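1. fold the stuff below for me.
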Amino acid sequence: MKAAFGLLMASLLAGCAGTAASVRTANQLWHADVFRYELVGDGMPQQARATLDSRLTQRMWRRLSPHARATVTIRVTRYQMRQRAARVLAGVMAGTDRIVSEVTITDAAGNVLGSSEVESTNPTALHGEDWLIQSHADAIAEFVQSGPGGR
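-> Numbering: from 1, shown residues only. The predicted structure is shown next:
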């Protein structure tokens, strides 16, 4: 009986975490092209935005240039985080942490070179806010750097 209860509690606290990208327009930004990026929207707390910005820069720094003709616009359209105590005490019963962003790559003339919606979720008690934000940034960087010609 205790083992069954323990197994039930572990499954309720664990859940499944992940990130999915829904590509709307295939990325046509060549792997050798440099770009700049901008985070737009104000739906994230300042500290979370700083974590996202830092991780994006860390993942894409080799191709970033303030004088680039291509621009990657990242618009966070949904940012939902549970309280830390709720995450630990109730696990999946407390809901799901979620970040959704629209990523659009444009050239200097404003032509769309690629677009995607990236959604990251975490219903678990095992990972915190920073882990989800970093996973989200990794998925964005993967899309941006996935253009023709390899990486």
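
2. CA atoms for contacts and neighbours, from now on please.
-> Noted.

3. phi first, then psi, for the residue nearest the centre of the chain.
-> Taking C-alpha atoms, centre = their mean, the centroid of the chain lies closest to residue 136, which sits 1.8 Å from it. Here is the backbone geometry of residue 136 (degrees, to the nearest 10): phi -60, psi -50.

4. give me the spatial nearest neighbour of it, chain neighbours excluded.
-> residue 120 (5.7 Å; C-alpha to C-alpha, 6 or more residues apart in numbering).

5. helices or strands up against the helix or strand hosting that neighbour?
-> Using DSSP states H and E, residue 120 sits within strand 112-122. Where contact means 3 or more C-alpha pairs under 8 Å, 6 or more residues apart in numbering; DSSP states H and E, strand 112-122 is packed against strand 18-25, strand 97-106, helix 129-144.

6. partner strands of that strand and their direction?
-> strand 18-25 (antiparallel), strand 97-106 (antiparallel) (DSSP bridges).

7. name the element residue 51 belongs to?
-> Short version, using DSSP H and E: residue 51 is in helix 46-60.
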